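1. Got a predicted model here, sequence first, then my questions.
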Amino acid sequence: MTKYRVTVSYDEGTESPRSWDNMGVLALLERNRLCGDKDADPRDITEDAMHILPVYKYEHGGVKYNTGGFSCPWDSGQVGYIYTTPKRLEAMCGKSIPSDERIIDILNSEVKVFSDWANGECYRFTVERCEHCDHCDKTTWEYVDSCGGFIGDNHDDNGILEYLSADARKAVKNAMPYGGTGSVEYECNEEPSVAS
């Protein structure tokens, strides 16, 4: 059996999820500057906008966004909107346009992912193999694989576990059941490369 180590750490280089292909347009105005999607201004929503949802921000030691609002009137308030257009729906879905309820679920999910990213809930993993030298009795850790850009603090949901081998996945789930960062060692017979 060979000993391996998986380290889950914060990934400060994760690109904004607003650079992905998104169904929604996220138009935010915070402290007199535009945020969210490039060139999207909540003061200038297009006439063909549909499924318009308000976007609220809570900022107190961290930042959270949602479409339902927050209970604290001092540290939160509406900062913009998320919406879609018929043109975006057709580009994303072709002729199979989802139901209104599904579109709203997708828009809410886009705000959730943006919120997690803005709050720094971005992760990466590194897999290393333990190498032991019998001559000098020294142990080193040799790089095997890594991947980053996972957004959200729940590793079941953010995709990290899907990329790990079965043994590494089990070790991470046992050591970090609620997400977060850390290192865990485990043993297995096979090379724990990133799962395909």
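-> Structure's in. What do you need?

2. Kindly list the main-chain dihedrals of residue 182?
-> Here is the backbone geometry of residue 182 (degrees, to the nearest 10): phi 150, psi 180.

3. Does it touch residue 155 like I think?
-> No. Using C-beta atoms under 8 Å, residue 182 is not in contact with residue 155; the gap is 10.8 Å. The way it works is simple: take the backbone N, C-alpha and C, and place the C-beta from them, glycine included.

4. So which of those two has more stuff around it?
-> residue 155 (23 against 12; other C-beta atoms under 10 Å).

5. Tell me which stretches of the protein form helices.
-> 86-93, 100-118, 155-158, 160-163, 166-175 (DSSP state H).

6. Quick check: neighbours shared by residue 182 and residue 155?
-> Jointly contacting residue 182 and residue 155 under the rule C-beta atoms under 8 Å, 6 or more residues apart in numbering are 8, 176.

7. burial measure for the closest residue to residue 123 other than its chain neighbours, as a count.
-> Counting by C-beta to C-beta, 6 or more residues apart in numbering, residue 123 lies nearest to residue 150, which is 4.6 Å off, once chain neighbours are set aside. Other residues near residue 150 come to 23 when the count uses other C-beta under 10 Å.

8. Return the set of buried residues in stretch 152-159.
-> 152, 153, 155, 158 (16 or more other C-beta atoms under 10 Å).

9. worst-scoring helix or strand of this structure, pLDDT-wise?
-> Counting by mean pLDDT, DSSP states H and E, the weakest-scoring helix or strand in the chain turns out to be strand 33-36, with a mean of 82.

10. so what strands line up beside it?
-> Strand pairing for strand 33-36, determined by DSSP bridges: strand 25-30 (antiparallel).

11. which residues touch the partner strand?
-> 18, 34-37, 40-43, 45, 49, 55, 57, 79-85, 88, 110-111, 114.

12. Next, name the residue at the spatial heart of the protein.
-> residue 151 (1.5 Å; C-alpha atoms, centre = their mean).
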